[in-house]
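>>> no sequence for this one, just the structure:
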């Protein structure tokens, strides 16, 4: 209760400043038609008409709520207005203050608060805002001014009391509340003091009090002259009362656009007045919803409502839209805005510095994943060491059968070393890298940092963990198994396993960047890795596989690692008894079809695969982030 009272005070309307019309812009759109491409691999369905002749506008100092039942086209319209629609065919005109809008213009004057709150959980509220300020406010603005702007925004949105509280990671450690997260999302977008704010269902998942506090925050921005457009799903009566104008969509058409007072008169004229003591928002949405048992009847009524609006209120609104598109608004705010030539406000070095700091903080403040990886390698090293304890020890009186068993055990343990290094890092990388992809895509499309900066900093920060893990593993298992005791062989094994692990990391990055989402990446990981293991030189001897599949071995780092470790273990290895010396090592190398002369070639191939798979991963990531 105490927290709720504090938040209520933060959003009291008594201190709202006077509206400054020049601080906002008039955003108008005319005859928007949006088609989704047909689906199907061989026989495609016809394109689906999502939005049909949708026109509207919102002026500075106004809060426009876009409402409608599920499937009405609310999110599609907002995506079109924010230029984030992909794979859709869009026709129509979009203007700001009488000027046609393109991606550069919308990026320079607007901010977009998305429905899902995605943050770096180890950051405090203040650190998150400073991170955004460093990357979103132009480099010509000094650091002191950025700090002042951060404190100003925290004060405006009531975040001072949780400024030093970590945001939190669900299921790991608790952070700020849901309402504070939503206000933080607003704060991150308000850092740049945008003229236009667009929000996708900002009240979803919040209780009625938190929802009212968030909409109050939006209302406070309109009091500063900002233009605010938001999709709203099932607003409470208190929230509905805060709207200046409504845009109600139904079946992809405009059912109403105007003030709340005119909306009541409009539905009363259609003999669907809102009952007393009833939530108008619920009533309007329910009236235009398509009921499962009365689909044809409901659709006829929806078309009747849309036609009625088009022939009456729609005519006046169309004139306003035409007027907004023909002339710049008085005291044009766009005239004072210097639109960026690049979608990124910060320099490359500034982006690199901010991302490196954030990545290191993630490692230091939430070390669970890194510690688990290292402990896991140590545990596997101990387990494999115990299973193969003394497998590589040779006495002077071994039978032929004993020698063959020793060779089989040693080759088995070398291959297990390689496969363990492969799978112990591959799947965790796929899980973590694809898991943070939504946050990366959002921040990248918001213009915070470049794709190459993100990819490079993540690679550099994670590198020590992927070097330390294999080192701990082999330090425990190597001498327990009883492999060659000379130091040079030990360090070669350690280096090759570290290189193997990092090639696997590259492959994991590639799968994560190739896949559409987290679930797809996990599904793809096993079938894409299985052939790599089959052609690793242990299950299929070189030269015995079908010619049309033989090329896979060149992509298998397991194959190269297996040859290197085999040569490292058996080259010039002789078994000596009381009576004779037998070249066991040479026989083993020949048996598996390996060549001692390929030792350095294989190392070069591993390095090439490490670099090649990362380049492919980066290319896939670039393709995924194309605008």
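Good, I have the coordinates. Note that the structure is predicted; figures quoted are calculated from it, not measured.

>>> can you map out the strands along the stretch 201-350 of the chain?
For the stretch 201-350 of the chain, strands defined by DSSP state E, counting those that start in this stretch occupy the ranges 227-231, 245-250, 253-259.

>>> dump the ones you listed to CSV, plus mean neighbour count.
For the C-beta atoms, the positions are set from N, CA and C on the backbone; glycine is no exception. Shown next, in CSV, are the strands of the stretch 201-350 of the chain (neighbours: other CB atoms under 10 Å):
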stretch, mean neighbour count
strand 227-231, 26
strand 245-250, 25
strand 253-259, 23
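
>>> which stretch among those strands comes nearest residue 619?
Evaluated over the strands of the stretch 201-350 of the chain, closeness to residue 619 peaks at strand 227-231, with 34.8 Å, by CB to CB.

>>> who are the packing partners of the closest one?
Where contact means 3 or more CB pairs under 8 Å, 6 or more residues apart in numbering; DSSP states H and E, strand 227-231 is packed against strand 48-58, strand 63-68, helix 74-81, strand 196-200, helix 208-223.

>>> nearest to residue 269, of these?
Using CB to CB as the measure, strand 63-68 is the one of the helices and strands packed on strand 227-231 that comes nearest residue 269, at 18.7 Å.

>>> tell me the angle the closest one makes with strand 196-200.
Angle of strand 63-68 versus strand 196-200, following axes from the mean of the first three to the mean of the last three CA atoms, to 10 degrees, is 30 degrees.

>>> so in that sheet, which strands flank strand 63-68, and in what orientation?
Using DSSP bridges, strand 63-68 pairs in its sheet with strand 227-231 (parallel), strand 245-250 (parallel).

>>> so for it, mean pLDDT?
The pLDDT scores in strand 63-68 average 92.

>>> from the middle of its chain, how far away would it be?
In terms of CA atoms, centre = their mean, to the nearest Å, the centre of strand 63-68 is set 27 Å apart from its chain centre.

>>> now do that strand: everything it contacts.
By CB atoms under 8 Å, 6 or more residues apart in numbering, the residues outside strand 63-68 that reach it are 56, 58, 74, 77-78, 215, 218-219, 222, 228-233, 235, 240, 242-250, 255, 281, 284-285, 288.

>>> can you give me the angle it makes with strand 253-259?
Using the same axes, to 10 degrees: strand 63-68 against strand 253-259 is 150 degrees.

>>> what's the least confident stretch among the helices and strands packed on strand 227-231?
Confidence, taken as mean pLDDT, is least for helix 208-223 of the helices and strands packed on strand 227-231 (a mean of 83).

>>> and the most centrally placed residue in the chain, how far is that from residue 513?
By CA atoms, centre = their mean, the chain has its centre lying nearest to residue 438, at 1.4 Å. Separation of residue 438 from residue 513 (CB to CB, to the nearest Å): 13 Å.

>>> ok, residue 142 next?
37 Å.

>>> more neighbours: which of those two?
residue 513 (24 against 10; other CB atoms under 10 Å).

>>> surely that one touches residue 624?
Yes. The pair residue 513 / residue 624 is scored as a contact, 6.4 Å apart, by CB atoms under 8 Å.

>>> ok, and the closest non-adjacent residue to the residue nearest to the centre of the chain?
Among residues not flanking residue 438 along the chain, residue 118 sits closest, at 6.0 Å (CB to CB, 6 or more residues apart in numbering).

>>> wait, the one you found touches residue 440, no?
No. Between residue 118 and residue 440 there is no contact, the gap being 9.4 Å when judged by CB under 8 Å.

>>> of those two, which one has the most company?
Neighbour count, other CB under 10 Å: between residue 118 and residue 440, residue 440 has more, with 20 against 15.

>>> before we move on, the earlier item: could you look up the SS state of the residue nearest to the centre of the chain?
helix (DSSP: H, G, I helix; E, B strand; the rest coil).

>>> one more: residue 28?
Under the three-state scheme (three-state DSSP), residue 28 adopts strand.

>>> in contact with it, which residues?
56-57, 94-96, 321, 324-325.

>>> out of the residues you listed, which sit inside helices?
Residues of the contacts of residue 28 located in helices (DSSP state H): 321, 324-325.

>>> so residue 114 versus residue 236, what's the distance?
Residue 114 is 22 Å from residue 236, where distance means CB to CB.

>>> with neighbour numbers in mind, choose between those two.
Taking other CB under 10 Å, residue 114 and residue 236 do not tie; residue 114 has more neighbours (20 against 17).

>>> my guess is that one contacts residue 439, does it?
No. Taking contacts as CB under 8 Å, residue 114 lies outside contact range of residue 439: 11.1 Å.

>>> scan the protein for its longest helix.
The longest helix of the chain (DSSP H) is helix 400-435.

>>> which other residues reach stretch 513-533?
Residues contacting stretch 513-533 (CB under 8 Å, 6+ apart): 419, 422-423, 426-427, 430-431, 433-435, 437, 507-508, 511-512, 539, 552, 555-558, 617-618, 620-621, 624.

>>> what residues sit buried inside that stretch?
513-515, 518, 521-522, 524-525, 528-529, 532-533 (16 or more other CB atoms under 10 Å).

>>> in JSON lines, list the residues you listed along with distance to residue 317, secondary structure and pLDDT.
Shown next, in JSON lines, are the buried residues of stretch 513-533 (distance: CB to CB, whole Å; DSSP: H, G, I helix; E, B strand; the rest coil; pLDDT from 0 to 100):
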{"residue": "513", "distance to residue 317": "45", "secondary structure": "helix", "pLDDT": "93"}
{"residue": "514", "distance to residue 317": "46", "secondary structure": "helix", "pLDDT": "91"}
{"residue": "515", "distance to residue 317": "44", "secondary structure": "coil", "pLDDT": "89"}
{"residue": "518", "distance to residue 317": "43", "secondary structure": "helix", "pLDDT": "81"}
{"residue": "521", "distance to residue 317": "46", "secondary structure": "helix", "pLDDT": "89"}
{"residue": "522", "distance to residue 317": "49", "secondary structure": "helix", "pLDDT": "86"}
{"residue": "524", "distance to residue 317": "49", "secondary structure": "helix", "pLDDT": "89"}
{"residue": "525", "distance to residue 317": "52", "secondary structure": "helix", "pLDDT": "88"}
{"residue": "528", "distance to residue 317": "54", "secondary structure": "helix", "pLDDT": "90"}
{"residue": "529", "distance to residue 317": "58", "secondary structure": "helix", "pLDDT": "89"}
{"residue": "532", "distance to residue 317": "61", "secondary structure": "helix", "pLDDT": "89"}
{"residue": "533", "distance to residue 317": "64", "secondary structure": "helix", "pLDDT": "88"}
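
>>> farthest pair within those?
Farthest pair in these, by CB to CB: 518 and 533, 23.3 Å.

>>> where in the stretch 201-350 of the chain is pLDDT low?
327-341 (pLDDT under 70).

>>> can you give me the helices for it?
Applying DSSP state H, counting those that start in this stretch to the stretch 201-350 of the chain gives helices spanning 208-223, 237-240, 260-269, 280-287, 295-311, 313-326, 348-365.

>>> what's the closest of the ones you listed to residue 165?
Judged by CB to CB, the one of those that comes nearest to residue 165 is helix 348-365, at 13.1 Å.

>>> other SSEs contacting that closest one?
So helix 348-365, by 3+ CB pairs under 8 Å, 6+ apart, packs with helix 125-136, helix 451-481.

>>> list the buried ones in that helix?
Result for helix 348-365 [16+ other CB under 10 Å]: buried residues 350-356, 358-359, 361-363.

>>> can you list the domains in the chain?
Split into domains by automatic domain parsing, the chain comes to 2-17+59-85+99-314, 348-624.

>>> least confident of those domains, on average?
Looking at these, the bottom one is domain 2-17+59-85+99-314 with a mean of 83.
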